[in-house]
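J.: The sequence isn't on hand, but the structure is:
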């Protein structure tokens, strides 16, 4: 469906390319010393919580093999939880437990596993099986996010999340990422997840793409993707904008999930957010980034930054 | 260093510095730009024979002056028992042999290698004042008549000389000329007549360079000063053109050969023409320069020939990644694979690489079931890769496929890492991504190989290492390229409308 496009028109549309993103935005605005804050999910969670940002509740941290042996005490009475490696990448090593039935734990897929298998998963995580480059890692347990009923209908499996690009504290672009059967429950666009561009002013769907092609309905659930409107959008924008103060990263990807009772929660932060968001939004990032660059935002409060985004970056339909 | 100005200046500086340094070495040491360039070499051997009269003996041989069209690349004297020195005291260089007690027949050799070159090293001194020529009668009258007929139809020293040579060689000869030639040798006569007409002239000794000549003597030619330069004339034919095979041997000194304490002396010349690699010739010349790769032992030079190719491969990787956006498995892994291809040849290398990685991947999928730690997993893979390579070599040798043996040139650790990375990619992102990255890596490796395998490239990177500054400049420039990658034009094709 989509062919090639000449660099001229692409530039005219303000599309940000990989080279320019790396040189003009990531290298310039993201100080390397702050990378560990976002590359380690546990650190991200701790500093976000300290700053008063909503995150999925931390249950426990498993740092040593000794703590793995006594994990039963921690799990006493816990029916739903998620085990994550602090330095995992691409959703690797995430164990989602949805129920506990007589010594057995039920995974999100419905499969039952024993406590021994949970322990082995923790041991593997500590030894670096799931982390980038195989470094020894830390595992942590957090509460299971219960997806907002409105969004639940869209996802084939897994939790749909909202990716926002925060540039110097201003939310400049957003999209909803929905897992599909093809993406194996993962919300990564290049693995076949659906990206739904969201109007930064309203949180309403712009258009949906899968594998760079337009889609109107979810291929597995059949839900209409064009009518999506994210509930509590402004609250969500505020939450994302605050991440700038917490991480000091000028060009930041902010992944947010919406919990049924708690509302938007910060799931993960990313210092090198991808560029596919532009396709889902049918808009280039460059004009928005340049507009923010040309505005003095240093002393602006979070509320004003969000208002600035709503005013300037509402979607213009072509 | 964020400003574009200083950055571009730095890049420009590197590029100019690299090219200028290379050009300097090209000019100074005649290192050829292209491989396979050949230079014609004349090997001239002067053979001096004489009978020593007993007692001390000294031999002087005048050596050719620096001149247009030729460059001396080597000289040697072979004469056992004789003291030898090259002397620079006179206007022309002289070879000087000495021995205190010598008698009987003596043979001395002087060997000269000269290269045909464009270098203009003409360094002949301008003429000195000469005494008026005295003629006896009836020659005085004949010369006057001769000049009276020729002078009006000439304009300068050159035309006078040409006309004079013409007149002297005319058949049937003029009466005056016949009279004069009966008394004087041609060259000598020309010199005397010209000097009488106040044109500085001299007779010179010239060696005609012809391949395979033996026992050849020098010929007397004429040189006249045209006011700015000495011009050479063949006393029979007129002016000698610029690209001739004439080597000017002796100009001003009293004679070519001077023997003290000897008799019956004579010098004769043997000449061979050779073509020699211009590069080898240059390497001999650069020999004593401290900062040159040529000074390393041969084994290390061979190594550096490979090392110096690495930046070229790196450049290919940088350009393909920044300009095209090709994804590879391990950033510079393709360069090392390309380096291995240089040893194995392309197709055998490609085939064995794919086979080893494919076998490795299938074994690795079993390893991931074992839940090993990373270091142990890679370690296991290294051992397995060595096993695969050994087996591969033995089998292909048994089958008579010698190419199979070259597989040992592949860097094993790199192969192990490649297998590990591709395997993780397979698990996390599926087989499609493995083919994209594996194919991308091979594509880059093949491209890097094709470039690194070019003789011109091999020649330039080793003989002009300073050109790496240019490569560096281009890499720096690519590092600041903010334009789209080629594959992004496809990725963002959805914006077409």
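T.: Arrived safely, thanks for sending. Please read these numbers as outputs of a predicted model, since none were measured by experiment.

J.: can you tell me the residue of chain B closest to chain A?
T.: Proximity to chain A, evaluated over chain B using C-beta to the nearest C-beta, is greatest for residue B:374 at 2.9 Å. (Each C-beta comes from the backbone N, C-alpha and C, glycine too.)

J.: and that residue, how many neighbours?
T.: 17 (other C-beta atoms under 10 Å in any protein chain shown).

J.: thought it was touching residue A:128?
T.: Yes - using C-beta atoms under 8 Å, residue B:374 is in contact with residue A:128, at 6.1 Å.

J.: Please list the residues of chain A that sit near chain B.
T.: Chain A comes close to chain B at residues A:1-7, A:9-11, A:13, A:15, A:17-20, A:23-24, A:28, A:90, A:92, A:124, A:127-129, A:133-134, A:190-191, A:209, A:212-214, A:278-279, A:282, A:284, A:318, as judged by C-beta under 8 Å from any C-beta of the partner chain.

J.: Now for residue 246: which residues touch it?
T.: I'll assume chain A. A:37, A:47-48, A:51, A:53 (C-beta atoms under 8 Å, 6 or more residues apart in numbering or on different chains).

J.: I was thinking of chain B, sorry if that wasn't clear
T.: Counting by C-beta under 8 Å, 6+ apart, residue B:246 touches B:206-209, B:221, B:232, B:240.

J.: Tell me how far the helix ranked longest in chain A lies from the chain's centre.
T.: The single longest helix within chain A, with elements called by DSSP state H, is helix A:233-247. The chain centre lies 13 Å from the centre of helix A:233-247; the measure is C-alpha atoms, centre = their mean, to the nearest Å.

J.: Go ahead and report the secondary structure state at residue A:121.
T.: Assigned with DSSP: H, G, I helix; E, B strand; the rest coil, residue A:121 falls in the helix class.

J.: What are the phi and psi values at the closest residue to it other than its chain neighbours?
T.: Spatial nearest neighbour of residue A:121, chain neighbours left out: residue A:95 (5.3 Å); criterion: C-beta to C-beta, 6 or more residues apart in numbering or on different chains. When read as degrees, to the nearest 10, the backbone of residue A:95 gives phi -110, psi 120.

J.: Pipe the contacts of residue B:246 into CSV and attach neighbour count and distance to residue A:303 per row.
T.: As requested, the contacts of residue B:246 are exported to CSV (neighbours: other C-beta atoms under 10 Å in any protein chain shown; distance: C-beta to C-beta, whole Å):
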residue, neighbour count, distance to residue A:303
B:206, 23, 99
B:207, 24, 98
B:208, 16, 99
B:209, 22, 94
B:221, 22, 101
B:232, 19, 95
B:240, 18, 95
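
J.: TSV for those residues, including pLDDT and secondary structure?
T.: Formatted as TSV, the contacts of residue B:246 follow (pLDDT from 0 to 100; DSSP: H, G, I helix; E, B strand; the rest coil):
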residue	pLDDT	secondary structure
B:206	88	strand
B:207	88	strand
B:208	87	strand
B:209	85	coil
B:221	87	strand
B:232	85	strand
B:240	79	coil
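
J.: how about those residues in TSV, adding distance to chain A?
T.: Putting the contacts of residue B:246 into TSV (distance: C-beta to the nearest C-beta, whole Å) gives the following:
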residue	distance to chain A
B:206	66
B:207	65
B:208	66
B:209	60
B:221	69
B:232	64
B:240	62
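
J.: which one among those residues gets closest to residue B:437?
T.: residue B:209 (62.7 Å; C-beta to C-beta).

J.: ok, and the closest non-adjacent residue to residue B:138?
T.: residue B:179 (6.7 Å).

J.: and what of residue A:203?
T.: Nearest one to residue A:203, counting by C-beta to C-beta, 6+ apart, is residue A:233 at 3.0 Å.

J.: coming back round to it: so which of the contacts of residue A:246 are in helices?
T.: A:37, A:47-48.

J.: Most neighbours of all those, which one?
T.: Result: residue A:48 is most packed of those (other C-beta under 10 Å), 22 neighbours.

J.: show me the contacts for it.
T.: Counted by C-beta under 8 Å, 6+ apart, residue A:48 has contacts A:55, A:243, A:246, A:266, A:269.

J.: before we move on, the earlier item: let's have the contacts of residue A:246 in JSON lines, adding distance to residue A:198.
T.: Listed next are the contacts of residue A:246 as JSON lines, based on distance: C-beta to C-beta, whole Å:
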{"residue": "A:37", "distance to residue A:198": "26"}
{"residue": "A:47", "distance to residue A:198": "26"}
{"residue": "A:48", "distance to residue A:198": "22"}
{"residue": "A:51", "distance to residue A:198": "24"}
{"residue": "A:53", "distance to residue A:198": "20"}
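
J.: hang on, the earlier thing: residues contacting the residue nearest to residue A:121?
T.: Contacts of residue A:95 (C-beta under 8 Å, 6+ apart): A:82-84, A:107, A:118, A:121.

J.: With residue B:336 instead?
T.: With C-beta under 8 Å, 6+ apart, residue B:336 has these contacts: B:411, B:414.

J.: residues contacting residue 203?
T.: Since you didn't name a chain, this refers to chain A. Residue A:203 is in contact with A:174, A:229-231, A:233, A:236, counting by C-beta under 8 Å, 6+ apart.

J.: wait, I meant chain B there
T.: B:187-188, B:190-191, B:220-223.

J.: Only whichever of those residues are buried, select them in ChimeraX.
T.: Buried members of those, defined by 16 or more other C-beta atoms under 10 Å in any protein chain shown, are picked up in ChimeraX with:
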select /B:187,190,191,220,221,222,223
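
J.: Can you point out the buried residues in whichever strand or helix holds residue B:7?
T.: Per DSSP states H and E, residue B:7 falls inside helix B:4-29. Buried residues in helix B:4-29, counting neighbours by 16+ other C-beta under 10 Å, are found at B:11, B:14-15, B:18-19, B:21-22, B:25, B:29.

J.: May I see those residues organised as JSON lines, with pLDDT and distance to chain A added?
T.: Formatted as JSON lines, the buried residues of helix B:4-29 follow (pLDDT from 0 to 100; distance: C-beta to the nearest C-beta, whole Å):
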{"residue": "B:11", "pLDDT": "92", "distance to chain A": "15"}
{"residue": "B:14", "pLDDT": "93", "distance to chain A": "19"}
{"residue": "B:15", "pLDDT": "94", "distance to chain A": "21"}
{"residue": "B:18", "pLDDT": "93", "distance to chain A": "24"}
{"residue": "B:19", "pLDDT": "93", "distance to chain A": "27"}
{"residue": "B:21", "pLDDT": "90", "distance to chain A": "30"}
{"residue": "B:22", "pLDDT": "89", "distance to chain A": "30"}
{"residue": "B:25", "pLDDT": "82", "distance to chain A": "35"}
{"residue": "B:29", "pLDDT": "76", "distance to chain A": "41"}
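
J.: Make a markdown table from the residues you listed and add distance to residue B:346 to it.
T.: Shown next, in a markdown table, are those (distance: C-beta to C-beta, whole Å):
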| residue | distance to residue B:346 |
| --- | --- |
| B:11 | 33 |
| B:14 | 32 |
| B:15 | 31 |
| B:18 | 29 |
| B:19 | 31 |
| B:21 | 33 |
| B:22 | 29 |
| B:25 | 32 |
| B:29 | 34 |
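
J.: re earlier: next, count neighbours for the residue nearest to residue A:203.
T.: As a measure of burial, residue A:233 has 20 neighbours, counting by other C-beta under 10 Å.

J.: hang on, isn't the residue nearest to residue B:138 packed against residue B:141?
T.: No - the criterion here is C-beta under 8 Å, and residue B:179 misses it with residue B:141 at 9.1 Å.

J.: Looking at the two, which has the bigger crowd around it?
T.: residue B:179 (18 against 12).

J.: Which of the three states applies to the more buried one?
T.: Looking at residue B:179 with three-state DSSP, the answer is helix.

J.: Identify the residues contacting residue A:295.
T.: Neighbouring residues of residue A:295 by C-beta under 8 Å, 6+ apart: residue A:308.

J.: Please apply the same query to residue B:38.
T.: B:275-278.

J.: what about the residue nearest to residue A:79 when sequence neighbours are not counted, which helix or strand?
T.: Nearest residue to residue A:79 in three dimensions, chain neighbours excluded: residue A:100, at 4.9 Å (C-beta to C-beta, 6+ apart). Assigned by DSSP H and E, residue A:100 belongs to strand A:95-101.
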